[in-house]
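Colleague: Provided below for reference: sequence and predicted model.
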Amino acid sequence: MDESKATPKAVVLSAILHVGIVGFLFLAILPCSSYETFFNALGLPAWMNPIRCSAPLQLQGPIIQAVLIGPTGSPPPKSVKTKPIPNTVPPPPAVTPPTPPPPEKPQVQTLPPPPVHPDVVDQERVVEDAMQKADDAKKLQEEKERQRQADLDAQAAKQKQEKQKQIDQMLAKMDEAAAQTQKADSKAKQAKQQLEDLANAKDQSQPDVAKADQLQTGNNSQNSDLSSEYAAAIQNAVTPNWLRPDNMPSTPCAVNIVQSPGGDVMSATVDPSCPYDDAGRRSVENAVLRTKTLPYKGFESVFKRNLTFTFRPQ
C-alpha cells in the first residue's frame with residue numbers, strides 16, 4: 001500500500017474518533033431531563049430513549065414550602081402576614097425538676113501488690129537447703145541399705161556359725177566315741193599284755209619283766225648291777241607299745257619320765273638332745289605313756305620318781 005494514501009485516511013479516522021469521544025463526554029454531563037426534552041422535541045417514541053429519569057414521588061398532603069440553602073437555592077417566598085392566634089391553652093404547671101443524682105465516683109480498682117522478689121542470697125540459701133535435704137535423704141537411704149546388708153550378713157554368719165557348731169558337736173561326739181573306743185582297746189591290749197608278761201615271766205623265772213620281741217640281755221660284763229637290769233626291764237616294757245615311724249634312725253633317745261611309787265607313769269617328755277624328728281619324738285613319748293606302769297617289784301632300791309631313760313629302738 002502507498003504510504004501517501006494511508007496517511008490522510010488515518011488522520012480522518014483519528015479525527016472522527018476524537019469527535020466521538022468529545023460527543024460522548026458532552027452527552028455524559030447532560031442532566032437526565034435534557035435527554036427527555038431532546039427526544040420529545042424530535043418526536044421520537046419513548047422506548048428509543050436509552051436513558052430514563054426516575055419519576056418524582058407523588059404524595060398526598062399539602063405542599064411543604066422549604067427554603068433552599070446554598071448557591072442552588074431559589075429566592076425565599078414573600079412573607080404573608082397572619083393573624084396571631086390567641087393563647088387559650090393554660091400554661092403547664094410548674095414541675096420541680098428532680099434532684100439529679102450525685103455523680104458516681106469511678107471505682108478505682110486496687111491493683112494487687114507487686115510480687116516480692118526474694119533476694120538472690122535468699123534464693124541461693126533456699127537452693128542450698130533443698131540440696132542439703134536431698135543429700136541427707138540420700139545418705140539416710142544409703143545408711144538404711146548398709147544396715148539392712150549388715151543385718152543380712154550377721155544373720156548369714158549366725159546361721160553359718162550354728163551349722164559349724166552342729167558340725168563341731170558331731171565331730172566332737174565322733175572323737176569322743178573314737179577316744180572311748182581307743183581307750184577301751186588300749187585297756188584290753190594292756191590287760192592282754194600284762195597277762196602275757198606274767199606268763200612270760202613265769203616261764204623265764206623273771207618276775208615283773210615285760211615281754212619284748214628282743215629281750216634286753218646282759219653283755220657278760222663283770223660289773224653288772226641292778227640299775228642296768230632296771231633299765232633293761234623298762235626297755236622290754238616300752239618296746240611292745242612303740243609304733244615305729246618310717247625312716248626312723250637306730251640311734252638311742254633320752255626320755256624324761258615322771259612316775260609314782262609302784263611304777264605308774266605320770267608323764268613322759270623326750271629330752272632336747274634326742275636326735276629324732278617330731279614324729280619320732282611323739283612315738284617314743286606315746287610308747288612310754290601306753291605302757292602305763294613300769295617295772296617296780298624287785299627294783300625298789302634303784303627306783304626314781306624322776307627318771308631319765310635311754311630308749312634304744314630295736
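Modeller: Thanks, I have the structure now. Numbering: from 1, shown residues only.
Colleague: run a quick neighbour tally on residue 274.
Modeller: 19 (other Cβ atoms under 10 Å). Heads up, the C-betas are built off the backbone N, CA and C, glycines and all.
Colleague: so what's it up against?
Modeller: For residue 274, the contacting residues are 253, 254, 255, 280, 281, 284, by Cβ atoms under 8 Å, 6 or more residues apart in numbering.
Colleague: make it 10 Å
Modeller: Counting by Cβ atoms under 10 Å, 6 or more residues apart in numbering, residue 274 makes contact with 251, 252, 253, 254, 255, 280, 281, 284, 285, 310, 311.
Colleague: residue 270: which of those is nearest?
Modeller: residue 281 (4.3 Å; Cβ to Cβ).
Colleague: so that closest one makes contact with residue 273?
Modeller: No. Using Cβ atoms under 10 Å, residue 281 is not in contact with residue 273, being 11.2 Å away.
Colleague: and for the two, which residues touch both?
Modeller: By Cβ under 10 Å, 6+ apart, the residues touching both residue 281 and residue 273 are residue 253.
Colleague: higher neighbour count, those two?
Modeller: For residue 281 versus residue 273, the count of surrounding residues by other Cβ under 10 Å is larger for residue 281: 19 against 7.
Colleague: tell me which helix or strand that one sits in.
Modeller: Taking DSSP states H and E as the criterion, residue 281 maps to helix 278-291.
Colleague: ok, residue 143 next?
Modeller: Assigned by DSSP H and E, residue 143 belongs to helix 120-204.
Colleague: that helix vs helix 278-291, what angle?
Modeller: Orientation check (axes from the mean of the first three to the mean of the last three Cα atoms, to 10 degrees): helix 120-204 against helix 278-291 gives 60 degrees.
Colleague: quick check: can you list the domain ranges of this protein?
Modeller: 12-48, 226-311 (automatic domain parsing).
Colleague: most neighbours per residue, which of these?
Modeller: Mean neighbours per residue, mean count of other Cβ atoms under 10 Å, is largest over the domains of the chain for domain 226-311, with a mean of 16.
Colleague: ends of it, how far apart?
Modeller: Taking Cα to Cα, to the nearest Å, the first and last residues of domain 226-311 lie 18 Å apart.
Colleague: same check on stretch 266-274?
Modeller: Note: stretch 266-274 ends 20 Å apart using Cα to Cα.
Colleague: need the mean per-residue confidence for it.
Modeller: Averaged across stretch 266-274, the pLDDT comes to 92.
Colleague: same deal with stretch 304-314?
Modeller: For stretch 304-314, mean pLDDT rounds to 89.
Colleague: cool, stretch 245-259 as well?
Modeller: Averaged across stretch 245-259, pLDDT comes to 89.
Colleague: ok, of the contacts of residue 274, which one's closest to residue 146?
Modeller: residue 281 (52.7 Å).
Colleague: for the residue nearest to the closest one when sequence neighbours are not counted, what are its contacts?
Modeller: Residue nearest to residue 281 in three dimensions, not counting chain neighbours: residue 270, with 4.3 Å by Cβ to Cβ, 6 or more residues apart in numbering. Residues in contact with residue 270 (Cβ under 10 Å, 6+ apart) are 253-256, 276, 278, 280-285, 288, 311.
Colleague: please apply the same query to residue 289.
Modeller: Contact analysis of residue 289 by Cβ under 10 Å, 6+ apart lists 186, 238, 241, 257, 265, 266, 267, 268.
Colleague: any chance of these in a markdown table, with distance to residue 18 too?
Modeller: Listed next are the contacts of residue 289 as a markdown table, based on distance: Cβ to Cβ, whole Å:
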| residue | distance to residue 18 |
| --- | --- |
| 186 | 164 |
| 238 | 171 |
| 241 | 167 |
| 257 | 170 |
| 265 | 170 |
| 266 | 169 |
| 267 | 165 |
| 268 | 165 |
